[in-house]
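> mind folding the following:
(chains A, B, C and D)
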2 protein chains.
Amino acid sequence: MDQRLTTRRRRRMQRVTMAEVARAAEVSPSTVSLYLRKPGQVSPAVGARIARVVDALGYVPSLVAGGLAAAGSRAVSVIVPTIQNDFFANTISALQQSLEPAGLQLLLGNTDYDPAREERLVRTALSWAPAAVVLVGLEHGRGTMRLLLESSAPVFEIWECGGGPIDTAVGFHHREVGATALRHLAERGRRHFAFLGARMEEDRRARQRAEGFAAAAAAAGLAAPLILGAPERASTELGGRLLAEALSGRTRIDGIACSNDLMALGALFECQRRGIEVPGGLAVVGFGDLGFSASCVPPLTTIRPPGEAIGREVGRLIQERLAGAEPPARAGMIDLGFELVPRRSS
Amino acid sequence: MDQRLTTRRRRRMQRVTMAEVARAAEVSPSTVSLYLRKPGQVSPAVGARIARVVDALGYVPSLVAGGLAAAGSRAVSVIVPTIQNDFFANTISALQQSLEPAGLQLLLGNTDYDPAREERLVRTALSWAPAAVVLVGLEHGRGTMRLLLESSAPVFEIWECGGGPIDTAVGFHHREVGATALRHLAERGRRHFAFLGARMEEDRRARQRAEGFAAAAAAAGLAAPLILGAPERASTELGGRLLAEALSGRTRIDGIACSNDLMALGALFECQRRGIEVPGGLAVVGFGDLGFSASCVPPLTTIRPPGEAIGREVGRLIQERLAGAEPPARAGMIDLGFELVPRRSS
DNA sequence: CGCTTCGATCGCAGCGCTACGAAATCTGCT
DNA sequence: AGCAGATTTCGTAGCGCTGCGATCGAAGCG
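Numbering: from 1, shown residues only, chains lettered A, B, ... in the order given. Okay, here's the model as predicted:
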């Protein structure tokens, strides 16, 4: 039997469609579409009429349909290890601020430092035909790399500089951060060091900071620092515990660097509990310049990463690419540097 | 002239389509689609064949096309005031964990406490035909309300209980939080109170906590607390400054509550700088139970909101709704409560 | 051995929008 | 007035997928 004869009620996505707007405004759908995308190319009179109808009908365009027709959606996929972390939260926030005026939305995923989850998330991300994919770090699993390379979406790798990026990397050198911390402590006359890190197994960047710290000690002819880590996420509690561990050794540690200001704050608390004077008895350098770092007791010397700048820069680059800019011929690398903020804890 | 005669190269979204998979697997596209959505309804033999082809071809389904055809996408829009805030970051994180197994992605927006921005974000959010819209608070602009009411998407309002939700609210009572803080301080023998808040103009929930604090004082027949606020976001620096302001008055304040543990931490630092003993000279109660609260000096008495629980619960409800559950007949309200965590600062 | 029953597979008709190029309309100029 | 050129508007053909009902085929049964 001819299917055409049977009744078919089709599901509908939303109340008002562009065609209805067009009818009410007495123009063609094309014109409505054009007006919505490039208002300048429609005559002011017609534009005003369309605007009025859109408002009256409460028309909300479907980005899903638009994305399908235009072969690419107005979403930017961001995949980070965790958002429960001021670093990435700041970057994401800056990125979103930069993207919002262009009508780009963030699709968020978090890997919890798990490569398998990263691959799943990248797959889902690509399913949205995003305007760009943003992910943290330069190290990815085989499958993730394949997906990314085969996709035509611009890929931005952030928070790290170094090896070869897939497309464009925007970040800074973590080894150099570690080295800077050590040189600073050495300048302050310290000689026996420890590095306190969290999640060092999974967080390659924290590891790089520790390595830079150790390498700079070696370069300066100083004793190899004690490197302490733990599988948990950064916290003041962990900072305190690792400091206790560091101080329990035979060597009298007089300078520490932490992979995160939260850890450094925990170290300060531990010093307070033990009556160790900071910086007199122990100099402390953190990483992150978090909300409390300038006003804790004593104010914390720290290294400020360009978190917001990364977000802003990536936002800018995405819009540039969307506007037709070519990807860099050779994979690009943008080093945004970092800043040592000396305060009273060292 | 007949347009059919002119050449047209159409833009394509991605390399491999479902039709190509179908061809290679020698089945119809419908079967591939069915297999991908409900593998159980396809015979094991055919399923295996399709799986093999999908893998070999590196097929990534288009959620954009799928969303259009199915009249609803697999995205959940989350609109929060800011993600640079442990409260919302935790909730979002829990929500995403709960949604991930169902293949639902988060679309993130942040309003920065600006109603106009909220409306814009809700509009964009609805453009995606999301499976659900999640937003913070029960108070929204007229336009936002209209958009939400006209849309057919389930709406979850989180982090607040009280007034009438649009669809379902999942949160707790902030006034009760303030009251609990005051009663706790009163039990500890305090009589002269101050409440230190950030962004009190914009953040209705912080305001409610302050109101509950004041109301409980009145109910207990105690002097009205000093309510201090500032337009900036919560920080240790602000906590310290507002405490200084509170202590500069003629009344000798002996108990404070803060709208955020970060503020409370700042107050602790200020006490340390001024040599005020805590809790001897001043009892401090925070809100949030953040990462450092248990291990600062002294450990901070605080009120723990159900941040993760909210995320998990909303995730569960969304999936229930997606599976066909009806929206609550009368707008629903789920009170997840909160917990006073007494520690040594009070 | 024909007929029902049920599970597996298929074909069709869009979902709502945009890109493309053509058509219509408007300008300014001779 | 007539025409080239610029500007504005329109018509068409999908984008890739899913929901629906139809169809096919194997098993079950009297």
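
> residue boundaries of the strands in the stretch 51-200 of chain A?
In the stretch 51-200 of chain A, the strands defined using DSSP state E, counting those that start in this stretch lie at A:75-80, A:105-110, A:132-136, A:155-158, A:168-171, A:193-196.

> can I get those strands in a markdown table including mean pLDDT?
Formatted as a markdown table, the strands of the stretch 51-200 of chain A follow (pLDDT from 0 to 100):
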| stretch | mean pLDDT |
| --- | --- |
| strand A:75-80 | 97 |
| strand A:105-110 | 95 |
| strand A:132-136 | 97 |
| strand A:155-158 | 97 |
| strand A:168-171 | 96 |
| strand A:193-196 | 98 |
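
> immediately after the helix or strand hosting A:Leu262, which helix or strand?
In this assignment (DSSP states H and E), A:Leu262 forms part of helix A:261-274. Following helix A:261-274 in sequence order, the next helix or strand is strand A:283-285 (DSSP H and E).

> what sits up against that following strand?
Here strand A:283-285 makes contact (Cβ atoms under 8 Å, 6 or more residues apart in numbering or on different chains) with A:181, A:184-185, A:188, A:190, A:254-258, A:264, A:267-268, A:271, A:278, A:300-303, A:345-346. Glycine gets a C-beta too; all of them are placed from N, C-alpha and C.

> dump the residue contacts of A:Glu100.
With contact set as Cβ under 8 Å, 6+ apart, A:Glu100 has these partners: B:Gly109.

> among the strands of the stretch 51-200 of chain A, which comes closest to DNA strand D?
strand A:75-80 (15.7 Å; Cβ to the nearest atom of the strand).

> low-confidence ranges, chain A, go.
A:1-10, A:329-331 (pLDDT under 70).

> residue boundaries of the helices in it?
Counting by DSSP state H, one finds helices in chain A at the ranges A:18-25, A:29-37, A:44-57, A:63-70, A:86-99, A:115-127, A:142-150, A:174-187, A:204-219, A:236-247, A:261-274, A:307-322.

> to B:Glu139, which of these lies closest?
With Cβ to Cβ as the measure, helix A:86-99 is the member of the helices of chain A nearest B:Glu139 (22.3 Å).

> which elements pack onto that closest one?
For helix A:86-99, the elements it packs on are strand A:75-80, strand A:105-110, helix A:307-322, strand B:105-110, judged by 3 or more Cβ pairs under 8 Å, 6 or more residues apart in numbering or on different chains; DSSP states H and E.

> and those as JSON lines, adding distance to DNA strand C and mean neighbour count?
Written out in JSON lines, the entries for these read as follows (distance: least, Cβ to the nearest atom of the strand, whole Å; neighbours: other Cβ atoms under 10 Å in any protein chain shown):
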{"stretch": "strand A:75-80", "distance to DNA strand C": "14", "mean neighbour count": "26"}
{"stretch": "strand A:105-110", "distance to DNA strand C": "15", "mean neighbour count": "24"}
{"stretch": "helix A:307-322", "distance to DNA strand C": "11", "mean neighbour count": "20"}
{"stretch": "strand B:105-110", "distance to DNA strand C": "17", "mean neighbour count": "24"}
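
> so how far is chain B from the residue lying closest to A:Phe88 once chain neighbours are set aside?
Leaving aside its chain neighbours, A:Phe88 sits nearest to A:Val80 (4.4 Å; criterion: Cβ to Cβ, 6 or more residues apart in numbering or on different chains). Applying Cβ to the nearest Cβ, to the nearest Å, the value for A:Val80 to chain B is 11 Å.

> near DNA strand C, which residues of the stretch 151-300 of chain A show up?
Within the stretch 151-300 of chain A, no position lies close to DNA strand C (Cβ under 7 Å from any atom of the strand).

> show me what residue of the stretch 151-300 of chain A gets nearest to DNA strand C.
Counting by Cβ to the nearest atom of the strand, the stretch 151-300 of chain A gets nearest DNA strand C through A:Ser152, at 15.0 Å.

> surely that residue is in contact with B:Gln14?
Yes: contact criterion Cβ atoms under 8 Å: A:Ser152 and B:Gln14 qualify, at 7.4 Å.

> quick one: which of the two has more around it?
B:Gln14 (20 against 13; other Cβ atoms under 10 Å in any protein chain shown).

> on that earlier part again, which one of the helices of chain A has the most crowded surroundings?
helix A:261-274 (a mean of 25; mean count of other Cβ atoms under 10 Å in any protein chain shown).

> using PDB, write out every CA atom in that helix.
Provided in PDB are the C-alpha atoms of helix A:261-274 (Å, rounded to 0.1, in the frame of the first residue of the first chain):
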ATOM      1  CA  ASP A 261      48.700  27.300  46.100                       C
ATOM      2  CA  LEU A 262      46.200  25.200  47.900                       C
ATOM      3  CA  MET A 263      49.000  22.800  48.900                       C
ATOM      4  CA  ALA A 264      51.200  25.800  49.800                       C
ATOM      5  CA  LEU A 265      48.400  27.100  52.000                       C
ATOM      6  CA  GLY A 266      48.200  23.800  53.700                       C
ATOM      7  CA  ALA A 267      52.000  23.900  54.200                       C
ATOM      8  CA  LEU A 268      51.600  27.400  55.800                       C
ATOM      9  CA  PHE A 269      49.000  26.000  58.200                       C
ATOM     10  CA  GLU A 270      51.200  23.100  59.100                       C
ATOM     11  CA  CYS A 271      54.000  25.600  59.800                       C
ATOM     12  CA  GLN A 272      51.700  27.500  62.000                       C
ATOM     13  CA  ARG A 273      50.700  24.400  63.900                       C
ATOM     14  CA  ARG A 274      54.300  23.400  64.400                       C
END
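
> that one vs chain B: in contact?
Yes: contact of helix A:261-274 with chain B (Cβ under 8 Å from any Cβ of the partner chain) involves A:262, A:265-266, A:269, A:272-273.

> and those residues, which is closest to A:Ile50?
A:Leu262 (52.1 Å).

> quick one: contacts for that closest one?
Residues near A:Leu262 by Cβ under 8 Å, 6+ apart: A:234-236, A:239, A:288, A:290, B:291-292.

> at 7 Å instead, please
A:Leu262 is in contact with A:234-236, A:239, A:290, B:291-292, counting by Cβ atoms under 7 Å, 6 or more residues apart in numbering or on different chains.

> quick one, what contacts A:Arg188?
Applying Cβ under 7 Å, 6+ apart, we find A:Arg188 in contact with A:283, A:346.

> ok, it to B:Val285 distance?
Noted for A:Arg188: a distance of 38 Å to B:Val285, by Cβ to Cβ, to the nearest Å.

> gap between stretch A:190-201 and the chain center?
24 Å (Cα atoms, centre = their mean, to the nearest Å).

> residues in contact with it?
So stretch A:190-201 is contacted by A:113, A:182, A:185, A:206-207, A:210, A:213, A:217, A:222-223, A:225-234, A:238-239, A:242-243, A:246, A:251-260, A:263, A:267, A:283 (Cβ under 7 Å, 6+ apart).

> domain ranges for chain A, per the record?
Chain A breaks down into these domains under automatic domain parsing: A:11-61, A:73-172+A:308-337, A:174-304.
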